[in-house]
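Trainee: Got a predicted structure plus its sequence, pasted below:
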Amino acid sequence: MAAASDSPSFRLAYVPGVTPSKWVRVWNERLPDVPLTLLSLTPAEAFGALREGAADAGLVRLPVDGDDLSAIPLYTETTVVVLPKDHALAAAEEVSAEDLAEELVLHPLDDTLGWERPPGRPANERPATTADAIELVAAGVGLLAVPQSLARLHHRKDLTYRTLTEGAQSRVALSWPAADEAPDLVEEFIGIVRGRTVNSTRGRRAEAQKGQKQPKEQKGAGKPARSGKPGAGARTGRPTARKPGGAGGSGRGRTGGKPRKRS
């Protein structure tokens, strides 16, 4: 246990289609002394790893079931329809649910969009996985609606995809085991995915900076130069010397002149 404490590490699970590389890069820049291990898992495996303590946090798709896991949504993915390149719908830039009304649309058992029934005509059997469904699309059996990231993940030269303008969408979230307060390293990663700067990120770095004295400003530094107040008789610029008997006293004498004779 002591060795683990002396050498902290962070284990991040992520599901197919999610790309954590940009956040991992920031992590390595900010916490080079804390190695980050990536775990590529199926959705079911990712949730299991979080609950069993095999992962500290995970990039998963909502919903997150149960009260034992916390989650914050990160972004919503675009839904696309995967189809053969020579399909009639490939000529369009976008596809609507109405366009799919007469098409057979596959619904794999590991569907990530969460709808009870996709648009179009249902197949007699549901493919076990999205990968199996992609193979069926390539064979001309039907079409498939998935998040765009999964369409890219299962890219094939004979297939393409078009944006589905309506219907279900997938939301990606960061999840971790529920607690009164997120663990320190999880808080660090939350700050990274939310775009916090180094100075505003809470966690190890912020805690380490607590109690550090800020450099004191030099005496008088940053203070504006004194200038006269309106109506107070003070002037800015080059001062002028007063001659004896000048104005500002009783007003009896003149500057540079002789005293007046009394009549």
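Mentor: Okay, I see it.
Trainee: Return the backbone torsion pair for Pro147.
Mentor: phi -60, psi 150 (degrees, to the nearest 10).
Trainee: need the contact list for Ile134.
Mentor: 82, 144, 154, 156, 159 (CB atoms under 8 Å, 6 or more residues apart in numbering). (C-beta placed from N, C-alpha, C; glycine too.)
Trainee: Buried ones only from those, please, as a PyMOL command.
Mentor: Buried residues among the contacts of Ile134 (16 or more other CB atoms under 10 Å), as a PyMOL selection:
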select buried, resi 82+144+154+159
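Trainee: quick one: which of the contacts of Ile134 sit in strands?
Mentor: 82, 144, 159 (DSSP state E).
Trainee: Export the contacts of Ile134 to TSV and append columns for pLDDT and distance to Val18.
Mentor: Output for the contacts of Ile134, formatted as TSV (pLDDT from 0 to 100; distance: CB to CB, whole Å):
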residue	pLDDT	distance to Val18
Val82	98	18
Leu144	98	19
His154	97	14
Arg156	96	20
Leu159	98	21
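Trainee: Can you tell me which of the contacts of Ile134 is nearest Val24?
Mentor: Using CB to CB, His154 comes nearest to Val24 of the contacts of Ile134, at 22.7 Å.
Trainee: what's the distance between the closest one and Gly167?
Mentor: 19 Å (CB to CB, to the nearest Å).
Trainee: same check, this time on Val81
Mentor: 9 Å.
Trainee: what's the answer for Leu143, then?
Mentor: 13 Å.
Trainee: More neighbours: which of those two?
Mentor: More neighbours surround Leu143 than the other of Leu143 and Gly167, with 24 against 16 (other CB atoms under 10 Å).
Trainee: From Gly120, how far off is that one?
Mentor: 7 Å.
Trainee: go on, Phe189?
Mentor: 39 Å.
Trainee: of these two, who's got more company?
Mentor: Remark: of Phe189 and Gly120, Phe189 carries more neighbours, 27 against 20, as counted by other CB under 10 Å.
Trainee: ranges for the helices of this structure?
Mentor: Here the chain has its helices, by DSSP state H, at 2-6, 21-30, 43-52, 130-138, 148-153, 184-193, 204-209.
Trainee: ok, of those, where does mean pLDDT dip lowest?
Mentor: For the helices of the chain, mean pLDDT drops lowest on helix 2-6, to a mean of 47.
Trainee: Strands of this structure, residue ranges please.
Mentor: 10-14, 36-40, 57-61, 69-76, 79-84, 94-95, 104-106, 121-122, 143-147, 159-164, 171-177.
Trainee: Just the CA atoms of the fifth one, as CSV, please.
Mentor: In this case it means strand 79-84. The C-alpha coordinates for strand 79-84 follow below in CSV (Å, rounded to 0.1, in the frame of the first residue of the first chain):
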residue,chain,number,x,y,z
THR,A,79,-25.7,10.4,-35.5
VAL,A,80,-25.1,9.1,-39.0
VAL,A,81,-26.4,6.4,-41.3
VAL,A,82,-23.8,3.9,-42.6
LEU,A,83,-24.6,2.7,-46.1
PRO,A,84,-22.8,1.3,-49.2
